[in-house]
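> mind looking at a prediction? Sequence and model below.
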Amino acid sequence: MKKKTILSKKIIREINRSINDSDSKLDIDFLNQEKYYNYEIQEWYGEEFGIKGELRKKIIGTLLETYFEWKNELDKLNKEYYLAIWLYNPRMLKSEIVCAIGEKVAYYENESFLVSNKNSEFDLNYFGELSTELQKFTWDRKIDLDSVHEWEINFPKEQYEFEKEYNKDQKFYKKLIQKKFHVVEKDNEKIYFHPKGDVWIGKLK
């Protein structure tokens, strides 16, 4: 059995476990306190192998089911709310359901992501039998950003196990700093952001 197939089956089991453990259930108490709540397909980031077949079907199906369950709960609150599917591509394992109320609504509506200048058309044919459900949503294309902090760039060479890894990282950091795609300063430290792909923001029509 191929390595990707084994990993895909493992992730499907983890998703099923999270559902069985009610991790995908909306925590109203947390939402009322923090004004936001989210459910991530996986808590680890960076897995960028090609997502297809049963794993892709499981991810999309879980996102759709969770979205509609949360919508039913949020409608009972009788207040304005934000609710969306964040579908990452190619980093599909980062995908999540996000909701917010109160003062957090404006942030998630307008400030969560940078706007993408790419063609905004969402190819629903890519998702097979789930395309019918996905057509019920409007999809807005944003940029999936990854970040590098200054402390990472300045990490001592002697702390690396292999010099080759250090040289590879420094080459990447040099290009990152030169491009200055998106830079913010927080707590007297610069954070450099770079694009990793797309985030499709899906909301029910």
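Happy to help now that I have it. On a predicted model such as this, the values are computed, not experimentally measured, just so you know.

> give me the outermost residue of the chain relative to its centroid.
No residue in the chain sits farther from the centre than Glu158, which is 33.6 Å out by CA atoms, centre = their mean.

> that one belongs to a strand?
No - Glu158: not assigned to a strand; according to DSSP: H, G, I helix; E, B strand; the rest coil it is helix.

> and it, how close does it get to Thr132?
57 Å (CB to CB, to the nearest Å). Glycine gets a C-beta too; all of them are placed from N, C-alpha and C.

> Glu163 too?
Applying CB to CB to Glu163 and Thr132 gives a distance of 53 Å.

> just give the number of residues close to the closest residue in space to Leu130 that isn't next to it in sequence.
In this structure, Leu130 finds its nearest non-sequential neighbour in Ile60, 4.9 Å apart by CB to CB, 6 or more residues apart in numbering. Here the count is done by other CB atoms under 10 Å, and Ile60 has 24 residues near it.

> cool, Ser120 as well?
Neighbour count for Ser120, taken as other CB under 10 Å: 11.

> ok, back up a step: the residue nearest to Leu130 and Lys186: what is the separation?
On the measure of CB to CB, Ile60 and Lys186 end up 34 Å apart.

> before we move on, what about Asp29?
For Asp29, the distance to Lys186 - CB to CB - is 29 Å.

> do the same with Leu145
For Leu145, the distance to Lys186 equals 14 Å [CB to CB].

> next one: Gly61
37 Å.

> could you grab the helix/strand/coil label for Arg140?
You called it Arg, but residue 140 is Asp. From three-state DSSP, the assignment for Asp140 is strand.

> residues near it, how many?
Neighbours of Asp140 using other CB under 10 Å come to 16.

> so what's the residue count around the closest residue to it other than its chain neighbours?
Distances taken as CB to CB, 6+ apart place Ile201 nearest to Asp140, at 4.5 Å, with adjacent residues excluded. Using other CB under 10 Å, Ile201 has 20 neighbouring residues.

> assumed Ile201 was part of a helix.
No - applying three-state DSSP, one finds Ile201 to be strand, outside a helix.

> quick one: contacts of the longest helix belonging to the chain?
Counting residues, the longest helix found in the chain (DSSP state H) is helix 53-75. Contact partners of helix 53-75, identified using CB atoms under 8 Å, 6 or more residues apart in numbering, comprise 8, 11-12, 15, 19, 24-26, 28, 39, 41, 51, 81, 83, 85, 87, 92-93, 95-97, 99, 101, 127-128, 130, 133-134, 202, 204.

> any buried residues in the following helix or strand past that helix, and which?
Note on helix 53-75: by DSSP states H and E, the next helix or strand toward the C-terminus is strand 81-89. Using 16 or more other CB atoms under 10 Å as the test for burial, strand 81-89 gives Tyr81, Tyr82, Leu83, Ala84, Ile85, Trp86, Leu87, Tyr88, Asn89.
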